[in-house]
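Peer 1: Need the 3D shape of this:
(chains A, B, C and D)
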Protein chains: 4
Amino acid sequence: MRLVMIGLGRMGGNMARRLMQAGHEIVAYDRDTDAVAKLADAGAIAAASLDEARARCQEGGAEAIWWVMLPHGAVTDGVIDQIAGGASAGEVVIDGGNSFYKDDIRRAKALAEKDVHYVDVGTSGGVWGLERGYCMMIGGPDQVVRDLDPVFSALAPGAGSIERTRGRAEGIDDRAERGYIHAGPAGAGHFVKMIHNGIEYGLMQAYAEGFDVLKGKASEKLPEDERYDLNLADIAEVWRRGSVISSWLLDLTAQALASDPHLEKFSGNVADSGEGQWTIEAAMEEAVPVNVLTTALFARYRSRVEHTFGEKALSAMRFGFGGHVEMPQ
Amino acid sequence: MRLVMIGLGRMGGNMARRLMQAGHEIVAYDRDTDAVAKLADAGAIAAASLDEARARCQEGGAEAIWWVMLPHGAVTDGVIDQIAGGASAGEVVIDGGNSFYKDDIRRAKALAEKDVHYVDVGTSGGVWGLERGYCMMIGGPDQVVRDLDPVFSALAPGAGSIERTRGRAEGIDDRAERGYIHAGPAGAGHFVKMIHNGIEYGLMQAYAEGFDVLKGKASEKLPEDERYDLNLADIAEVWRRGSVISSWLLDLTAQALASDPHLEKFSGNVADSGEGQWTIEAAMEEAVPVNVLTTALFARYRSRVEHTFGEKALSAMRFGFGGHVEMPQ
Amino acid sequence: MRLVMIGLGRMGGNMARRLMQAGHEIVAYDRDTDAVAKLADAGAIAAASLDEARARCQEGGAEAIWWVMLPHGAVTDGVIDQIAGGASAGEVVIDGGNSFYKDDIRRAKALAEKDVHYVDVGTSGGVWGLERGYCMMIGGPDQVVRDLDPVFSALAPGAGSIERTRGRAEGIDDRAERGYIHAGPAGAGHFVKMIHNGIEYGLMQAYAEGFDVLKGKASEKLPEDERYDLNLADIAEVWRRGSVISSWLLDLTAQALASDPHLEKFSGNVADSGEGQWTIEAAMEEAVPVNVLTTALFARYRSRVEHTFGEKALSAMRFGFGGHVEMPQ
Amino acid sequence: MRLVMIGLGRMGGNMARRLMQAGHEIVAYDRDTDAVAKLADAGAIAAASLDEARARCQEGGAEAIWWVMLPHGAVTDGVIDQIAGGASAGEVVIDGGNSFYKDDIRRAKALAEKDVHYVDVGTSGGVWGLERGYCMMIGGPDQVVRDLDPVFSALAPGAGSIERTRGRAEGIDDRAERGYIHAGPAGAGHFVKMIHNGIEYGLMQAYAEGFDVLKGKASEKLPEDERYDLNLADIAEVWRRGSVISSWLLDLTAQALASDPHLEKFSGNVADSGEGQWTIEAAMEEAVPVNVLTTALFARYRSRVEHTFGEKALSAMRFGFGGHVEMPQ
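Peer 2: Here you go, the predicted structure:
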């Protein structure tokens, strides 16, 4: 198939490459003309404007298909508005970024008035996706998603060597086993991806806390015969092998520790990308308690400031009640 | 009554003063001879050693009563061992510090072999106790606690002007209403005090977080019409008046904010005194979930370090998966 | 002053009464005509419709003032729309309920187009407010709030016998000390009240967890000499007296325990009224960690279901890995 | 090598089998004589008593090696005491169960007085270990652990097909890559295993919460166009493929959901085995905040009761302040 890829950053660029490797044709567009040139070198059709992109895509013999891979929020909304402005009935807009699922619902409604289809795709794969494939969670109208199957199939990892799940019935929809699902109507793809990221935060924080306690076990504040100077790289390594906590995130931790055992290269100021927060909001709308996911997000907030005002308030209360004069600076 | 006060720091010194104001006689002992001299000026009988303290106390006509007001752990254990070494049957050792209740249970058993009585008293009152009285939670044998009643009654705030609890039966044990209770056998006093402090941490953290969000509402990252530059001192003040969250801790917060609205005098490195941790341990022994109490304690741990190793591990995982290169320093 | 009170439930009815006791005139309106009749018996001017309410209020010689005391959300929005439909320039709409502050911002803008003033008032006081007065946090235009001062002053508790905050400057705005503040522009009142309720949840949960551990200490699973059968009513009582965790919420706990020591009358299914959730959302918008406030809210969510699906997922994982066959029902 | 296996339950029995498959000789002992007979059928040397076990083991030409695979606590302590009673210098006691690491430190000291060696082995592998091998974390004296290498090597999974960690140096100790490590002196093995289980709880809870929110998204309380009826089995499946949250625990979740999409076979009363609690205790000794690990443990506590007393206390406070009469049963 021929489709336009808008946004040729780390994710978009690599997805375009993976699609071309599978025989698809990519019309490449980005405000950064260098990025376009670079992808053209790799075989893409360069476009200097959205109009040109549409024209080149239609040459493929069908209405334009737009894969938008941009930062969520205003940037993505702006581009989709622009596309919509000149769109013909039957065009398809795919948002492969990290949009909020309620934005998908809103956009799908707006585009439907012009008979433009909207598909939201939550994508996981990171810098590894080009090589290993992308795990995709898709929302949108059934037929449109079916029609795009060659695209999703090419981007996905495929069944590969991962063992089949015991108990999984034969003969059912095998897309999940090849690395992508049609989760539901508009927004369902990004909703599932959002929860995926919420879980990711929780998993990461669980490992982080565990390694923190391992590291702290060498502390001289502990009784001497209860102190261990543990080899964290070896511990991460051994847990990859036969232990119930083996995972990809642990693999990544083992890699980091292998070359930098004290993680001195890292600041510990940890960003978050919005999905953790949205996951908590979704949970609250459902009145579902999500203590781990929330506390994992809050650990990131806390990591980014030197002190909270609240901590000073604690010091102030302690001083006021107990005269703990060691507290004031 | 005549009793020995050992440990004349902020708490012990003021308790001795309050007891003397009520007509009790205090034999004062501390390794810091200045502290002894100062209390002697206020009317206490100075003692230069534990033996001298015992001798002076017995002059009162009864076996010695020892009120120990020292840091918990080795210091208190050491002094109690010393007292026990020379004790006669019938002496009474009162630990008014913040000992771990399992230490009380152990000590009470050991002292009972010598017919020495052991009483544990958890005390709240801070720097305000001298004036307002001390809230006390007492563990120990019933008759011994009864015999000490004049002491407890003098230290306690008394009924004062605090409204009587609606629904509380008439004619029942009124000690709780005068500010002290006999909670149960050895350790029960410190156990109740320990939980008291666990709750205190939770309450403090609840206020701290609330004020943090109030303060953050002025952030320039928020949309302009959703920003408020709130007067935190006035907010603390108004909540003291008719609001369901009025409390002593809020009074203290209001005091701090009244003179230092940005709490610039305070570092935000918040200490903890052991009881928070013990409360969590007790809860885990009972399999009771105490999320608020735990998270309040952990906020203090976190406040005392620049970054946890775990946060660096998060940065490392993010880098490994997503190539988030902004993270390395 | 003369004003219309709309919504004569527990809160609205009592506030109308307190205003009339202070000499204000109340035009009473509610869809429940019995509630109107009852308040008319107490001296209010009954109105059978919003139009009649407006007419009766204007007889007071000024543009109508509307105090709306209804459930937040659609109900309040509906009534305010109706009022706005017939409003003259200079009328004032006061929302004294628990509205979301962003709704206030929106409404204030909409009403300003008609020169109708909007004031939001967060109110704490519960069933005690009639007698003790209401703590109020007010948002809106400065002059309008000033003009309404006789109303706020009458509803508030006044300085009463509550001790003045040490360190608070003399001669500054004394409204906070009389129990109400003008927090800022539209929405600021409800924002401060929202955080107030967020803190309230945290405080409540801290006490709840503490009493849970006290109660659990009698468990037969613990070693016999580490078990205490504690008198929770006495503990709540004694903490009211000289202890740093004394508070109104503790007073209420003491009342409950005084007459029902095992709290057998209570289900433990705990509702929440929205403000806790909004507080978390506000904190996340500011990237402020609020672990205690969140976990307190989530404890309520959890209290309302028999089991979460997540707990079944835990059982399933345990079974899958360890063959823990005791788990399936 | 020849060694005694004591405790032939699910773990011990399978480990004995895996050792025999690798050519080691097992002397089998268990109080359950059926279990002994069953293992003898599989090639083990049956022993009817500890003395007989020692004698049969020594026939192998060396001092007895005891692999103890029993429930932690009194049971393990009792058996080790019995072994120690008749032990000759040079015997080796291996505790392969889930003992508390401080018990290891204590035991190692006691046995060292008799020149008996003590080795602690934390083992992960579950019901899958027989086939896939066991991940082992070992504590004890260096030479003793080296001498036992053929045993550990046989039990471990070996390098297998798991990709080598990028950045891991060549030529370093390769035991971690074959699935076992010598973590440090006495207790270090169980300490690392304890943290492993702490992390496991956190990971499990992160998945559990995520699936909970996915499931709740079908709730009729949500606006109709924001509801999704998601296929959880497919979601678990697709996340196994190219997503950063792929893991063994996710594989197990996918298996459970494949055959029981609503997890109706599971109660949701989730047990814990002690290590989660010990992990929190260790963290508190180090003053390391472990919010995720703690909240994961507490979710299990909460899952095992209908209501906490604390929840009733919340209801009581709400009733006391707001007259929320819906609360009492």
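
Peer 1: Check which residues of the top strand by length along chain A are buried.
Peer 2: In chain A, taking DSSP state E as the definition, the longest strand is strand A:117-124. Under the neighbour-count criterion of 16 or more other C-beta atoms under 10 Å in any protein chain shown, strand A:117-124 has A:117, A:118, A:119, A:120, A:121, A:122, A:123, A:124 buried. Every C-beta, even on glycine, is put in place using the N, C-alpha and C of the backbone.

Peer 1: could you dump those residues to JSON lines with distance to residue C:295?
Peer 2: Converted to JSON lines, those look like this (distance: C-beta to C-beta, whole Å):
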{"residue": "A:117", "distance to residue C:295": "43"}
{"residue": "A:118", "distance to residue C:295": "38"}
{"residue": "A:119", "distance to residue C:295": "38"}
{"residue": "A:120", "distance to residue C:295": "32"}
{"residue": "A:121", "distance to residue C:295": "34"}
{"residue": "A:122", "distance to residue C:295": "28"}
{"residue": "A:123", "distance to residue C:295": "32"}
{"residue": "A:124", "distance to residue C:295": "29"}
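
Peer 1: With respect to chain D, which of those is nearest?
Peer 2: Using C-beta to the nearest C-beta, residue A:124 is the member of the buried residues of strand A:117-124 that lies nearest chain D, at 4.1 Å.

Peer 1: Please tell me how far that closest one sits from residue B:89.
Peer 2: When distance is defined by C-beta to C-beta, to the nearest Å, residue A:124 is 74 Å away from residue B:89.

Peer 1: thinking again about what came up before, same for chain D: which of the buried residues of strand A:117-124 are within range?
Peer 2: For chain D, the contacts drawn from the buried residues of strand A:117-124 by C-beta under 8 Å from any C-beta of the partner chain are residue A:124.

Peer 1: Report the beta-bridge partners for the residue sitting nearest the centre point of chain A.
Peer 2: The residue lying closest to the centre of chain A (C-alpha atoms, centre = their mean) is residue A:124, at 5.0 Å. Residues in a beta bridge with residue A:124, per DSSP bridges, are residue A:135.

Peer 1: before we move on, back to that, is chain D within reach of the next helix or strand after the longest strand of chain A?
Peer 2: Next along the chain after strand A:117-124, taking DSSP states H and E as the criterion, comes helix A:129-132. Yes. Counting by C-beta under 8 Å from any C-beta, chain D is contacted by helix A:129-132 at A:129, A:132.

Peer 1: In helix A:129-132, which residues are buried?
Peer 2: In terms of neighbour count (16+ other C-beta under 10 Å), helix A:129-132 has its buried residues at A:129, A:130, A:132.

Peer 1: likewise stretch A:106-120?
Peer 2: For stretch A:106-120, a neighbour-count test (16+ other C-beta under 10 Å) marks A:106, A:107, A:108, A:111, A:116, A:117, A:118, A:119, A:120 as buried.

Peer 1: cool, and stretch A:147-166?
Peer 2: Within stretch A:147-166, the residues scored as buried using 16+ other C-beta under 10 Å are A:147, A:148, A:151, A:152, A:153, A:154, A:155, A:156, A:157, A:158, A:165.

Peer 1: rewinding a little: mind giving me the packing neighbours of the longest strand of chain A?
Peer 2: Packing contacts for strand A:117-124, counted by 3 or more C-beta pairs under 8 Å, 6 or more residues apart in numbering or on different chains; DSSP states H and E, involve strand A:92-95, helix A:101-112, strand A:135-139, helix A:142-147, helix A:188-216.

Peer 1: Looking at it now, give me its mean pLDDT.
Peer 2: Taken as a whole, strand A:117-124 has a mean pLDDT of 97.

Peer 1: Between helix A:188-216 and that strand, find me the angle.
Peer 2: Counting by axes from the mean of the first three to the mean of the last three C-alpha atoms, to 10 degrees, strand A:117-124 lies at 10 degrees to helix A:188-216.

Peer 1: With only the CA atoms kept, save strand A:117-124 in PDB.
Peer 2: Taking Å, rounded to 0.1, in the frame of the first residue of the first chain, the C-alpha atoms of strand A:117-124 are listed here in PDB:
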ATOM      1  CA  HIS A 117     -12.100   7.700   8.500                       C
ATOM      2  CA  TYR A 118     -10.200   8.000  11.700                       C
ATOM      3  CA  VAL A 119      -8.000   5.200  13.200                       C
ATOM      4  CA  ASP A 120      -6.000   5.500  16.400                       C
ATOM      5  CA  VAL A 121      -3.000   3.300  16.900                       C
ATOM      6  CA  GLY A 122      -1.200   2.900  20.200                       C
ATOM      7  CA  THR A 123       2.300   1.700  19.500                       C
ATOM      8  CA  SER A 124       5.000   0.200  21.700                       C
END
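
Peer 1: now it and strand A:135-139, what's the angle there?
Peer 2: 150 degrees.

Peer 1: Run the chain-centre distance for strand A:117-124.
Peer 2: 12 Å (C-alpha atoms, centre = their mean, to the nearest Å).

Peer 1: so where is the stretch 51-200 of chain A shaky, pLDDT-wise?
Peer 2: For the stretch 51-200 of chain A, no stretch is flagged by pLDDT under 70.

Peer 1: Angles on the backbone of the residue in it positioned nearest to chain C, please.
Peer 2: In the stretch 51-200 of chain A, the residue found nearest to chain C is residue A:166; the distance is 9.0 Å by C-beta to the nearest C-beta. Here is the backbone geometry of residue A:166 (degrees, to the nearest 10): phi -60, psi 140.

Peer 1: Any stretches of the stretch 201-329 of chain A with poor pLDDT?
Peer 2: Low-confidence segments of the stretch 201-329 of chain A (pLDDT under 70): A:324-329.

Peer 1: for the closest residue to chain B within the stretch 101-250 of chain A, what are its contacts?
Peer 2: Residue nearest to chain B within the stretch 101-250 of chain A: residue A:208 (3.4 Å; C-beta to the nearest C-beta). By C-beta atoms under 8 Å, 6 or more residues apart in numbering or on different chains, the residues touching residue A:208 are A:299, B:308, B:310, B:311, B:313, B:314, B:317.

Peer 1: sorry, back to before: mind putting the buried residues of stretch A:147-166 in TSV, secondary structure and distance to chain B included?
Peer 2: What follows is those, written out as TSV (DSSP: H, G, I helix; E, B strand; the rest coil; distance: C-beta to the nearest C-beta, whole Å):
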residue	secondary structure	distance to chain B
A:147	helix	31
A:148	coil	25
A:151	helix	23
A:152	helix	22
A:153	helix	24
A:154	helix	22
A:155	helix	17
A:156	coil	18
A:157	coil	15
A:158	coil	20
A:165	coil	23
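
Peer 1: Spell out the secondary structure type for residue A:89.
Peer 2: coil (DSSP: H, G, I helix; E, B strand; the rest coil).

Peer 1: To what extent is residue A:91 buried, counted in neighbours?
Peer 2: Residue A:91 has 24 neighbours, counted by other C-beta atoms under 10 Å in any protein chain shown.

Peer 1: correct me, but it touches residue A:53?
Peer 2: No. Taking contacts as C-beta atoms under 8 Å, residue A:91 lies outside contact range of residue A:53: 11.4 Å.

Peer 1: Now for the two: what residues contact both?
Peer 2: With C-beta under 8 Å, 6+ apart as the test, residue A:91 and residue A:53 both reach A:64, A:66.

Peer 1: which SS class is residue A:162?
Peer 2: coil.

Peer 1: for it, what are its contacts?
Peer 2: Contacts for residue A:162 (C-beta under 8 Å, 6+ apart) come out as D:240, D:241.

Peer 1: Okay, and the beta partners of residue A:93?
Peer 2: residue A:66, residue A:118.
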